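*Asks:* Below is the structure, and that's it, no one-letter string:
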């Protein structure tokens, strides 16, 4: 007769959270000791997975509105375009960095990206795009998107 082992709650207390790029970083450090000068850098796995040059975004679902924050350093206000529908937000822009014709030295790390970007996110509720407000300051874009009345949370009384 086979018995199924019973798992105790204490066995899960020491679980280390998953860091998807931690192992790649460790492998890169190991290779750097063997073959320095960044020969592995062209692969840049994290950029391939996250989307090169994509702004990092927070979406906060509040009772009456949805707050969207996007970190977009190095972008000028005039090079930024935001559009909405009742369920999505699209952020489009471009960055440009002056490059010197004669850059002396070899790049050890080259992560500052220039060019165009586009990011569309689905919102957790329907919003009234005609009442949306946008503020852009110090590389941080904040969008306040009021929810439609039908999308707001309503409390149901339990009898």
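*Replies:* Cool, the structure landed. All figures in this text were calculated on a predicted structure; none of them were measured in a lab. Residues are numbered from 1 along each chain as shown.

*Asks:* how about low-confidence regions in this protein?
*Replies:* Within the chain, the stretches with pLDDT under 70 are 1-23, 25, 28-29, 31-53, 97-103.

*Asks:* So it: which segments form each domain?
*Replies:* Using automatic domain parsing, the domain ranges for the chain come out as 12-52, 53-96+114-151.

*Asks:* so what's residue 87 closest to, chain neighbours aside?
*Replies:* Distance criterion Cβ to Cβ, 6 or more residues apart in numbering; nearest residue to residue 87, sequence neighbours excluded, is residue 123 at 5.4 Å. Where you see a C-beta, it was placed from the backbone N, CA and C, and this is true even at glycine.

*Asks:* So what's the residue count around the one you found?
*Replies:* By the other Cβ atoms under 10 Å criterion, the neighbourhood of residue 123 contains 20 residues.

*Asks:* do the same with residue 70
*Replies:* 24.

*Asks:* which residues touch it?
*Replies:* 55, 56, 57, 58, 91, 119, 140, 141, 143 (Cβ atoms under 8 Å, 6 or more residues apart in numbering).

*Asks:* What is the nearest of those to residue 130?
*Replies:* Nearest to residue 130, judged by Cβ to Cβ, of the contacts of residue 70 is residue 143 at 13.6 Å.

*Asks:* The closest one is in contact with residue 72, isn't it?
*Replies:* No: assessed by Cβ atoms under 8 Å, residue 143 is found out of contact with residue 72, at 11.8 Å.

*Asks:* that older thread, any idea how far the residue nearest to residue 87 is from residue 86?
*Replies:* 8 Å (Cβ to Cβ, to the nearest Å).

*Asks:* how would you label residue 105: helix, strand or coil?
*Replies:* Classification of residue 105 using DSSP: H, G, I helix; E, B strand; the rest coil returns coil.

*Asks:* Likewise for residue 30?
*Replies:* With three-state DSSP as the basis, residue 30 sits in helix.

*Asks:* now do residue 134
*Replies:* Applying three-state DSSP: residue 134 is strand.
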